[in-house]
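Engineer: sequence first, predicted model second:
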Amino acid sequence: GEDVEQSLFLSVREGDSSVINCTYTDSSSTYLYWYKQEPGAGLQLLTYIFSNMDMKQDQRLTVLLNKKDKHLSLRIADTQTGDSAIYFCAEIGGSYIPTFGRGTSLIVHP
Amino acid sequence: EPEVTQTPSHQVTQMGQEVILRCVPISNHLYFYWYRQILGQKVEFLVSFYNNEISEKSEIFDDQFSVERPDGSNFTLKIRSTKLEDSAMYFCATLGGNTEAFFGQGTRLTVV
């Protein structure tokens, strides 16, 4: 089946930029998503990008997509302690079923 | 912002009992999903529902599970005879024509 891979942990200092990476295998992916999950909470849709785009910016968030390499990244500028959470990459293709990565735990320390 | 609502937020049930998890999808969305997340693990696809029927289901979604949309608004997941390993967070999600996939806050199911 299709797969989405992410590194499990990322630790950054408050005020620095965070970059969370994701790779996927589904060549028919049409939309790619980033979700944020705080402890004990649900999945909050942060942003998404259409597969014919290579960049999308939304305030502190920048999504970069390299479709040839099937690589997606989420950059958070000026990372704050409130950004500490698990970030999930997900993709949706022809099956219309979002497929998730395992999530990256972002730890922001002072 | 549109919202997917799930109830209850937490359910504790005894092994072998039936549970029904409820979801109110975003109106005019066409695709509905249930996902499961065992504590600390991956978000796993269970089932998708389109045009009032199951369109896809995973290996996890065995005969103990069923879904329905009884009244055209609510979307339910039933587990007939719960097992300890069914303890997890269950998420409902909906997808509309603009392809934004929204998730509910989840129902934490604890089987004791």
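Structural biologist: Noted; the coordinates are in hand.

Engineer: below-threshold pLDDT in chain A: ranges please.
Structural biologist: Counting by pLDDT under 70, chain A shows low-confidence ranges at A:1-2.

Engineer: mind listing the strands for it?
Structural biologist: Assigned strands in chain A, in chain order: A:4-6, A:9-13, A:18-24, A:31-37, A:44-50, A:55-58, A:61-66, A:71-76, A:85-92, A:99-100, A:104-109 (criterion: DSSP state E).

Engineer: near chain B at all, stretch A:26-33?
Structural biologist: Yes: judged by C-beta under 8 Å from any C-beta of the partner chain, stretch A:26-33 comes into contact with chain B at A:Thr30, A:Tyr31, A:Tyr33. Every residue, glycine included, has its C-beta placed from N, CA and C.

Engineer: show the buried residues in those residues.
Structural biologist: Among the residues of stretch A:26-33 next to chain B, those classed as buried by 16 or more other C-beta atoms under 10 Å in any protein chain shown are A:Tyr31, A:Tyr33.

Engineer: closest one to B:Ile20 out of the residues of stretch A:26-33 next to chain B, please.
Structural biologist: Using C-beta to C-beta, A:Tyr33 is the member of the residues of stretch A:26-33 next to chain B that lies nearest B:Ile20, at 28.2 Å.

Engineer: that older thread, go through the strands of chain A and name the closest to B:Gln11.
Structural biologist: strand A:31-37 (19.7 Å).

Engineer: and the contacts of the closest one?
Structural biologist: With contact meaning C-beta atoms under 8 Å, 6 or more residues apart in numbering or on different chains, strand A:31-37 is reached by A:20, A:22, A:24, A:43-51, A:61, A:63, A:65, A:72, A:74, A:85-92, A:98, A:100, A:103, B:99, B:101, B:103.
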